[in-house]
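Student: coordinates only, no sequence provided:
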């Protein structure tokens, strides 16, 4: 599975942004795709994910209520809609994929940088 995230940029605090992740190379029916982020000097952290077979989603506590993960299997694209952005949301955002039965994400794309600043 090849992944490519896009849509990052500079946004003011309180603003919104939508990231996209395009997948290719394999059917997605048995996969989970997720969003992760890594801020400067910090470890990478989980943001949210979607199970393609049933569309169910899961979120980190920091993302609940502000971030929404959606996907379109036909387009092999996942999105991360972020709202009420805070400076602490500044990070490189990565999309990743794993087989549904795996505990680890095996496939990673290059990150897209989100900067929340006035």
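Tutor: Nice, I can see it. Since we're looking at a predicted model, the values are computed, not measured.

Student: ranges for the strands of the protein?
Tutor: For the chain, strands defined by DSSP state E occupy the ranges 2-6, 9-11, 17-24, 31-38, 45-51, 57-59, 67-72, 77-82, 91-99, 107-108, 112-116.

Student: would you list these in a markdown table and tack on mean neighbour count?
Tutor: Quick note: C-beta positions are derived from backbone N, CA and C, even for glycine. Shown next, in a markdown table, are these (neighbours: other C-beta atoms under 10 Å):
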| stretch | mean neighbour count |
| --- | --- |
| strand 2-6 | 17 |
| strand 9-11 | 14 |
| strand 17-24 | 19 |
| strand 31-38 | 22 |
| strand 45-51 | 20 |
| strand 57-59 | 16 |
| strand 67-72 | 18 |
| strand 77-82 | 21 |
| strand 91-99 | 22 |
| strand 107-108 | 16 |
| strand 112-116 | 18 |
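
Student: taking the centroid of the chain, which residue is nearest it?
Tutor: residue 35 (2.5 Å; C-alpha atoms, centre = their mean).

Student: gap between that residue and residue 118?
Tutor: Distance of residue 35 to residue 118, computed by C-beta to C-beta, to the nearest Å: 24 Å.

Student: swap in residue 16?
Tutor: Here the criterion is C-beta to C-beta. By it, residue 16 lies 15 Å from residue 118.
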